[in-house]
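>>> Could you work out the structure for the sequence below:
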Amino acid sequence: MVCLGSGAWLLWLSWLRPLTLPDEGRYGGVAWEMLSHGTHLLPTLNGMPFFHKPPLYYWLAEAAYGLFGPSVWAARLPSWLGAWGVAMALYFFLRRWRGQGTAVIGLLALLTQPFFFGSAQFANLDMLVAGLIGLTILAGATTVLRADAGLPYHALSVSTGALAALGVLAKGLIGVVLPGAVLVLWILLRRRWRGLAVLLWPPVIVVFLAVTVPWFWVMQQRFPGFLEYFFVYQQFERFAATGFNNVQPVWFYVPVLLGLALPWTLWLGGALRKAFWANPPAVAEASEAASDAIRAADVRWLMLCWLGVIVVFFSIPASKLVGYIQPVLPAIAALVAEVIVMGLVRADKRVDRRNRLFAVTLSGAAVLCVVANVLAAHYARPNNVAMGRQMLAEFRPGDTLIAMRFYPYDLAMALHTDKRIWVVDDWTRADIAKRDNWRKELYDAGQFDKPLMNQLLVSEAEMRRRMCAAPDGQGFWIWADPRHDFDSYRILKGQAPRYATPRGQVWYMESGEPFRRQYCGETPTAG
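Numbering: from 1, shown residues only. Here you go, the predicted structure:
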């Protein structure tokens, strides 16, 4: 019941909010391309190799589309799986090492964090990699604790390596670097030296390499330069760069966490008390009190290392996005649970007050999750799904899709088509490769398939030339963003759109003699 109830809670309302651009449209759209084109190993953006991120999210979303069809909630299933998986792992970890009460409170504190709840219903890579990082840390810590207790640990040790490998396939090196740093720091602080040996056991390394290497090796064979682009540029240079979007101060994530995990973070003040970190009592080593105190110290220091390492790591680069910090949310929930349980078991006159505060916090957090989701749905920014549905009945398989100075990530999925889009812009601009936006994503993808890039990324003059040379009856659907001046496009000037939504407008044109007389002038009509 705990597992099913947790999964149902995280999945509830996942269909309510419309697809958010650009993130959900980008990642959901790439997965749809992989399914519709049959390129199951190769992530593509508008048909071109898209290597900003590894493929695990796309594989899971592609499988969800295959089972349930292309829909918003299916695109969000990988994030839900990551959230559900780490929530269950935290529950069983705390139940084994801290008791049923702490496990239940820790699970509730995680599931009803508005940040965690919302991220479980958002189609991008952040929650999936956060879940895998958390699973790796919890599996690794359990391996170390079981080894020190003389219990079997080998299967769990290998599982830790497999989870770290999946983390790499979810977002790159942070899938192994972050859990590795957390576990090593914890082992050093707690002086559990055997832990280094059990986590670096040769079969663990073999499994890690067996899971991670094949996809990277295949991509490098097919696209020389892939490894340099993915690891050197995407993983290292972007981490150290200062010119990308959303530059924030070093303390940015502190108020983010305190605010987005409310009201649970109000309990964290209890973790600042000296008694919370007190050493185990000086009693016989074999006594139950000593064992419980040691386990409490182990778990609390693990969560502190978890929180500290990840916050410090993501605070270093100048560019900071809110979603990056999601891996620390289980650690916050566990520390909150420790504080609450420590207060509830204390026999004093304030125990009833603490019980009431816990009940108010839980109910308030749950209501906040639902209200925030409803408000996000109500105030959602427009996307291209409504426009795609409007034209679905008219769209023919042979028609050509054109986008003017913007890229509709979600359009192909909305149309249930595998058609690639002519994206019209000035692709000779020198700043395209320097600005972190949709143009750069398409431009970077095109470097791995330049013939296809030349077909799809075109100037307005080239678009007109192709349209004028098209055979009679060829249909063209032209999208333009309403923020742009439509009259600046010669081919759209004075023409009424076929459909219009807050996100954009679409024109339909068909090649033939009337079209050529109006738009082509002296432009050749053959070739």
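>>> what does stretch 308-317 contact?
Contacts of stretch 308-317 with the rest of the structure, by Cβ atoms under 8 Å, 6 or more residues apart in numbering, involve 133, 174, 178, 181-182, 185, 239-241, 250-254, 257, 320, 324-325, 327-328, 331. No exception for glycine: its C-beta is placed from N, CA and C like everyone else's.
>>> Name the spans of the protein whose pLDDT lies under the cut-off.
For the chain, the stretches with pLDDT under 70 are 240-245, 279-290, 344-351, 482-488, 522-527.
>>> most centrally placed residue in it?
Leu125 (1.9 Å; Cα atoms, centre = their mean).
>>> Next, give phi and psi for that residue.
phi -80, psi -10 (degrees, to the nearest 10).
>>> Wasn't Trp507 part of a strand?
Yes: assessed with DSSP: H, G, I helix; E, B strand; the rest coil, Trp507 lies in a strand.
>>> Could you measure from it over to Met413?
21 Å (Cβ to Cβ, to the nearest Å).
>>> neighbour-wise, which of these two wins?
Met413 (27 against 21; other Cβ atoms under 10 Å).
>>> my read: the more buried one touches Pro70, true?
Yes: between Met413 and Pro70 there is a contact under Cβ atoms under 8 Å: 4.9 Å.
>>> residues shared between the contacts of the two?
Trp32.
>>> so the residue nearest to the centre of the chain touches Tyr27, yeah?
Yes: judged on Cβ under 8 Å, Leu125 makes contact with Tyr27 at a distance of 6.7 Å.
>>> before we move on, back to that, please pick the buried ones from the contacts of stretch 308-317.
133, 174, 178, 181-182, 185, 239, 252-253, 257, 320, 324-325, 327-328, 331 (16 or more other Cβ atoms under 10 Å).
>>> quick check, nearest of these to Cys369?
Leu257 (16.4 Å; Cβ to Cβ).
>>> What sits closest to that closest one if chain neighbours are left out?
Ile325 (6.3 Å; Cβ to Cβ, 6 or more residues apart in numbering).
>>> Domain map for the protein?
As given by automatic domain parsing, the domain ranges for the chain are 76-378, 385-519.
>>> Now do the longest one: distance to the chain's middle.
Think domain 76-378. 15 Å (Cα atoms, centre = their mean, to the nearest Å).
>>> now do the shortest one
Per Cα atoms, centre = their mean, the displacement of domain 385-519 from the mean C-alpha position of its chain is 28 Å.
>>> Just the terminal-to-terminal distance for that domain.
30 Å (Cα to Cα, to the nearest Å).
>>> same thing with the first one?
Taking Cα to Cα as the measure, domain 76-378 stretches 19 Å from start to finish.
>>> Check stretch 218-227 too.
Stretch 218-227: ends 11 Å apart by Cα to Cα.
>>> Check which residues of it are buried.
Buried-residue list, stretch 218-227, by 16+ other Cβ under 10 Å: 219, 223, 226.
>>> Would you check that the second one makes contact with Phe448?
Spelled out, it's Phe223. Yes: using Cβ under 8 Å, Phe223 is in contact with Phe448, at 4.9 Å.
>>> any residues in contact with both of these two?
Joint contacts of Phe223 and Phe448 (Cβ under 8 Å, 6+ apart) are 49, 51.
>>> before we move on, back to that, what residues does the residue nearest to the centre of the chain make contact with?
27, 53, 57, 170-171.
>>> so where do the strands sit in the chain?
44-45, 48-49, 400-404, 421-424, 457-458, 475-480, 499-500, 505-510 (DSSP state E).
>>> out of the ones you listed, nearest to Leu107?
strand 44-45 (37.5 Å).
>>> chain center to the closest one: distance?
Counting by Cα atoms, centre = their mean, strand 44-45 comes out at 17 Å from the chain centroid.
>>> go on, stretch 5-21?
That offset, for stretch 5-21, works out to 15 Å (Cα atoms, centre = their mean).
>>> Let me see the contact set for Leu307.
Applying Cβ under 8 Å, 6+ apart, the residues near Leu307 are 328, 331-332, 335.
>>> let's see 7 Å
328, 331-332 (Cβ atoms under 7 Å, 6 or more residues apart in numbering).
>>> Spatially nearest residue to Arg295 (excluding sequence neighbours)?
Trp97 (5.1 Å).
>>> and the gap between the one you found and Tyr379?
42 Å.
>>> more neighbours, these two?
A side-by-side neighbour count of Trp97 and Tyr379, using other Cβ under 10 Å, places Trp97 first with 18 against 8.
>>> For the more buried one, give me its contacts.
145, 295, 299.
>>> measure it to Asp148 for me?
When Trp97 is compared with Asp148 (using Cβ to Cβ), they lie 12 Å apart.
>>> Now do Pro317: how many residues are near it, please.
If we define neighbours as other Cβ under 10 Å, then Pro317 has 17 of them.
>>> who's in contact with His416?
Pro70 are the contacts of His416 under Cβ under 7 Å, 6+ apart.
>>> Now with 10 Å, please.
32, 36, 69-70, 388, 392, 395 (Cβ atoms under 10 Å, 6 or more residues apart in numbering).
>>> same thing with Val204?
140, 143, 154, 157-162, 164-165, 198.
>>> With Val312 as the reference, measure out to it.
Note on Val204: its distance to Val312, by Cβ to Cβ, is 26 Å.
>>> Count the neighbours of the residue nearest to Asp425 when sequence neighbours are not counted for me.
Once flanking residues are discounted, Asp425 sits nearest to Arg405: 5.1 Å by Cβ to Cβ, 6+ apart. Using other Cβ under 10 Å, Arg405 is surrounded by 18 other residues.
>>> wait, Ala89 sits on Ala334?
No: judged on Cβ atoms under 10 Å, Ala89 makes no contact with Ala334 at a distance of 11.1 Å.
>>> Identify the contacts common to those two.
Leu138.
>>> hey, what's in contact with both of Trp97 and Asp148?
Asp298.
>>> contacting residues for the spatially closest residue to Leu209 that is not a sequence neighbour?
In this structure, Leu209 finds its nearest non-sequential neighbour in Ala165, 7.8 Å apart by Cβ to Cβ, 6+ apart. By Cβ under 10 Å, 6+ apart, the contact set of Ala165 is 56, 132, 136, 175-176, 204, 207-213.
>>> Return the subset of the residues you listed lying in helices.
Those of those mapping onto helices are 56, 132, 136, 175-176, 204, 207-213, per DSSP state H.
>>> Dump these to JSON lines, plus distance to Ala372.
Below are those laid out as JSON lines (distance: Cβ to Cβ, whole Å):
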{"residue": "Leu56", "distance to Ala372": "28"}
{"residue": "Leu132", "distance to Ala372": "25"}
{"residue": "Thr136", "distance to Ala372": "29"}
{"residue": "Gly175", "distance to Ala372": "28"}
{"residue": "Val176", "distance to Ala372": "33"}
{"residue": "Val204", "distance to Ala372": "40"}
{"residue": "Val207", "distance to Ala372": "39"}
{"residue": "Phe208", "distance to Ala372": "38"}
{"residue": "Leu209", "distance to Ala372": "42"}
{"residue": "Ala210", "distance to Ala372": "41"}
{"residue": "Val211", "distance to Ala372": "36"}
{"residue": "Thr212", "distance to Ala372": "36"}
{"residue": "Val213", "distance to Ala372": "41"}
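>>> In those, find the pair that's most separated.
Between any two of the ones in helices among the contacts of Ala165 (Cβ to Cβ), the greatest distance is 19.4 Å, for Leu56 and Val204.
>>> Which residues are in contact with the residue nearest to Leu41 when sequence neighbours are not counted?
Counting by Cβ to Cβ, 6+ apart, the nearest residue to Leu41 once its immediate chain neighbours are dropped is Val218, at 6.3 Å. By Cβ under 10 Å, 6+ apart, the contact list for Val218 reads 41-42, 226.
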